[in-house]
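**Student:** Got a sequence here, can you model it:
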Amino acid sequence: EGCWGMSKWPMVRLGDVCEFVNGGTPSKKVQQFYSGTIPWITSADIVSDEVKNARCFITEEAINNSTTKLVKKGTILLVTRTGVGKVAITGMDLCFSQDITGVLPDISKLNKKYLAYFLKSNINYFVYLQRGATIQGITRNVVESLEITLSPLNIQKHIADTLDKTQEIINGHKKQLAELDNLIKAIFHEMFGDPITNERSWSLLQLNKLGELGRGVSKHRPRNAPELLGGIYPFIQTGDVANSDLYISEFTQTYNELGLSQSKMWHEGTLCITIAANIAKTAILGFDACFPDSVVGFCANENSNNIFIHYWFGFFQAILEAQAPESAQKNINLRILNELKVINPPPGPQTEFAEIVTKIEEQKTIVKQAITESQNLFNSLMSEYFD
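**Tutor:** The predicted structure is shown next:
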């Protein structure tokens, strides 16, 4: 029961202490409905704890001719279809689609923030209970029948404030991380100018003159045949590269001896470049690993280094996306990569840049550790208060 003695307070059904507001979508066929000033959101607009922005604005007439309703600033929103379990509080008066349910607690009994955190703590339960052939959702009954601990309002407020403070700490660390990333980009700009316009008139060299490029290998079809997997050899895929920061530090799949025999092992320090799905995402191997032919390996020669090339690719992502031939899945081939023209400042400044990045990366590791610890604290508080 934790230090709050939560078990000594009564449990109540949400249906007995809350009212619920349905959403709706004004007809898309009537264009003038979407020419108003009243914010109207869908579950895709719920990206943080507070909704402050909308992509659509509707008229009074749209509200009168549909099932959407205008709710006040401070209303709790729970996504009950398409992204089930997301929770936010409105930062303005707004309307919403049928994927969202507005939750209005009896504030003489329930603190809004406390209720919002309680709903968040139930996301796995909601996801488990969602039903539907095409659109997955949960019924009103699922939400109404949830039981919440009705502790005194001052205790509810204390719980909400504690969770708020913990969340603020997490958000602060995430902001630090973003600032360190921006610092690296700023240093690149300061040292080398804009690599897209090449304002410093550096010599341009083809990527294949700056190092060795080669496609990954996985000859067997299908690529993820179970008989190839489950050994000791890390097997990296496009998603692992795209989801990494500068270094690839984890992997989800491994090859066994058979898997390795139809593939190729690349050394730690190789720059991985994706050429399918997520185009030209790059990251450096933190360990020896195999990867398929949707990833290209690059090892810089004495004219460059992999950290510099990684950040250069960061600028070229948009250009490559535009250049990539349209196919069922966007991809670029080895020839396009080989012929990419890269700015080539002297090796000295490139090495200096790589050393600065390495120091900043050490800072980022400390901040990431702090995020993990704060998140663990937040999770343990949530389970103490609500499980």
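
**Student:** Let me see the contact set for the closest residue to Asn122 other than its chain neighbours.
**Tutor:** Spatial nearest neighbour of Asn122, excluding adjacent residues (Cβ to Cβ, 6 or more residues apart in numbering): Leu146 at 6.4 Å. In this view, the C-beta of every residue, glycine as well, is placed from N, C-alpha and C. Residues in contact with Leu146 (Cβ atoms under 8 Å, 6 or more residues apart in numbering) are 13-14, 122, 125.

**Student:** Quick check: helices, which of these are part of them?
**Tutor:** Within the contacts of Leu146, residues falling in helices by DSSP state H are 14, 125.

**Student:** follow-up on the earlier one: what separation is there between the residue nearest to Asn122 and Ile159?
**Tutor:** Leu146 is 17 Å from Ile159, where distance means Cβ to Cβ, to the nearest Å.

**Student:** returning to that earlier point: which of the contacts of Leu146 lies closest to Arg200?
**Tutor:** Asn122 (55.1 Å; Cβ to Cβ).

**Student:** Go ahead and confirm the closest one touches Gly85.
**Tutor:** Yes - using Cβ atoms under 8 Å, Asn122 is in contact with Gly85, at 7.2 Å.

**Student:** what residues does the helix or strand where Cys95 lies touch?
**Tutor:** Assigning secondary structure by DSSP states H and E places Cys95 in strand 95-96. Here strand 95-96 makes contact (Cβ under 8 Å, 6+ apart) with 23, 38-42, 58, 63, 68-71, 77, 102.

**Student:** What strands flank it, and is each parallel or antiparallel?
**Tutor:** Sheet pairing of strand 95-96 (DSSP bridges) gives strand 38-41 (parallel).

**Student:** gap between the strand it pairs with and the chain center?
**Tutor:** Here strand 38-41 is found 24 Å from its chain centre; the criterion is Cα atoms, centre = their mean, to the nearest Å.

**Student:** Quick check: mean pLDDT of it?
**Tutor:** For strand 38-41, mean pLDDT rounds to 98.

**Student:** if we look at that strand, which residues are touching it?
**Tutor:** The contact list for strand 38-41 (Cβ under 8 Å, 6+ apart) reads 26, 34, 51, 54-60, 62-63, 68, 70, 92-97, 100.

**Student:** Among those, name the buried ones.
**Tutor:** 26, 51, 54, 56, 58-59, 62-63, 68, 70, 94-97, 100 (16 or more other Cβ atoms under 10 Å).

**Student:** how about low-confidence regions in the chain?
**Tutor:** Within the chain, the stretches falling below the threshold (pLDDT under 70) are 1-7, 317-331.

**Student:** Helices along that one, start to end?
**Tutor:** So, for the chain - with DSSP H - the helices run 14-17, 60-64, 112-121, 123-129, 140-144, 153-192, 238-242, 257-261, 306-323, 334-339, 347-386.

**Student:** re earlier: could you check how far the strand holding Cys95 is from the centre of its chain?
**Tutor:** 25 Å.

**Student:** quick one: the residue positioned nearest the centre of the chain from Phe251, how far?
**Tutor:** Centroid-nearest residue in the chain: Asn243, 8.9 Å away (criterion: Cα atoms, centre = their mean). Separation of Asn243 from Phe251 (Cβ to Cβ) stands at 11 Å.

**Student:** same thing with Leu146?
**Tutor:** Taken as Cβ to Cβ, the span from Leu146 to Phe251 is 38 Å.

**Student:** ditto for Cys299
**Tutor:** Applying Cβ to Cβ to Cys299 and Phe251 gives a distance of 20 Å.

**Student:** try Arg215
**Tutor:** Arg215 is 19 Å from Phe251, by Cβ to Cβ.

**Student:** now swap in Gly24 and tell me
**Tutor:** For Gly24, the distance to Phe251 - Cβ to Cβ - is 45 Å.

**Student:** Ok, Gly23 next?
**Tutor:** 41 Å.

**Student:** okay, these two: which has more neighbours?
**Tutor:** Shown here are Gly23 and Phe251; by other Cβ atoms under 10 Å, Gly23 has more neighbours (24 against 18).

**Student:** Assess the claim that that one and Leu94 are in contact.
**Tutor:** No - using Cβ under 8 Å, Gly23 is not in contact with Leu94, being 10.1 Å away.

**Student:** Would you list the buried entries among the contacts of Leu146?
**Tutor:** 14, 122.

**Student:** need the contacts of Leu146 in JSON lines with distance to Ala186, can you?
**Tutor:** Below are the contacts of Leu146 laid out as JSON lines (distance: Cβ to Cβ, whole Å):
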{"residue": "Arg13", "distance to Ala186": "54"}
{"residue": "Leu14", "distance to Ala186": "48"}
{"residue": "Asn122", "distance to Ala186": "42"}
{"residue": "Tyr125", "distance to Ala186": "44"}
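
**Student:** Just give me the closest of the contacts of Leu146 to Ile187.
**Tutor:** Asn122 (44.2 Å).
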